[in-house]
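1. only geometry, no sequence info:
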């Protein structure tokens, strides 16, 4: 499973079936994936080719939009305002993301073929979004809760 979205969607389904609690790492990962998935679907659309054995199928853009909405945007819309069931900082998503990146770089020779964009650009974008979420959660909310 070379797509991070598959892990996210699995986490979302486990959360919906009450196997996995709602927590900041899952929310953080879903927010990051929704933003980047939306960017790659609507702003910088790429081809999405499904390969099964020796058969290649080039997905039409309308199906790419549908898959983006189901896999990325519905989990985002569903989770964005839900309260966490356990208190766990979003930083705990960094190790799995970096491990996925490392394994992807080891096992896939040309990682730019995965998304049609250099993988390091996606990772850097993810880290930027992650940093903004952390600043919002830990700094802005702290300062806004104190009386002037």
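-> Good, I have the coordinates. All values derive from a computational prediction rather than experimental measurement. Residues are numbered from 1 along each chain as shown.

2. At which residues are the strands of the chain located?
-> 49-52, 55-58 (DSSP state E).

3. I'd like the ones you listed as JSON lines, with mean pLDDT appended.
-> JSON lines is the format used below for the strands of the chain (pLDDT from 0 to 100):
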{"stretch": "strand 49-52", "mean pLDDT": "75"}
{"stretch": "strand 55-58", "mean pLDDT": "84"}
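
4. right, so of the ones you listed, which gets closest to residue 25?
-> strand 49-52 (29.3 Å; C-beta to C-beta). For the C-beta atoms, the positions are set from N, CA and C on the backbone; glycine is no exception.

5. ok, back up a step: out of the strands of the chain, nearest to residue 117?
-> strand 49-52 (14.9 Å).

6. show me what contacts residue 87?
-> 23, 24 (C-beta atoms under 8 Å, 6 or more residues apart in numbering).

7. isn't residue 123 right up against residue 100?
-> No: in this structure residue 123 lies outside contact range of residue 100 using C-beta atoms under 8 Å: 9.6 Å.

8. Point out where this structure drops to low pLDDT.
-> Scanning the chain for pLDDT under 70 picks out 1-2, 141-148.

9. Going by length in residues, pull out the top helix of the chain.
-> helix 119-135 (DSSP state H).

10. tell me the contacts of the residue nearest to residue 56 when sequence neighbours are not counted?
-> Using C-beta to C-beta, 6 or more residues apart in numbering and skipping the chain neighbours, the partner closest in space to residue 56 is residue 49 (5.6 Å). By C-beta under 8 Å, 6+ apart, residue 49 lies in contact with 56, 57, 58, 59.
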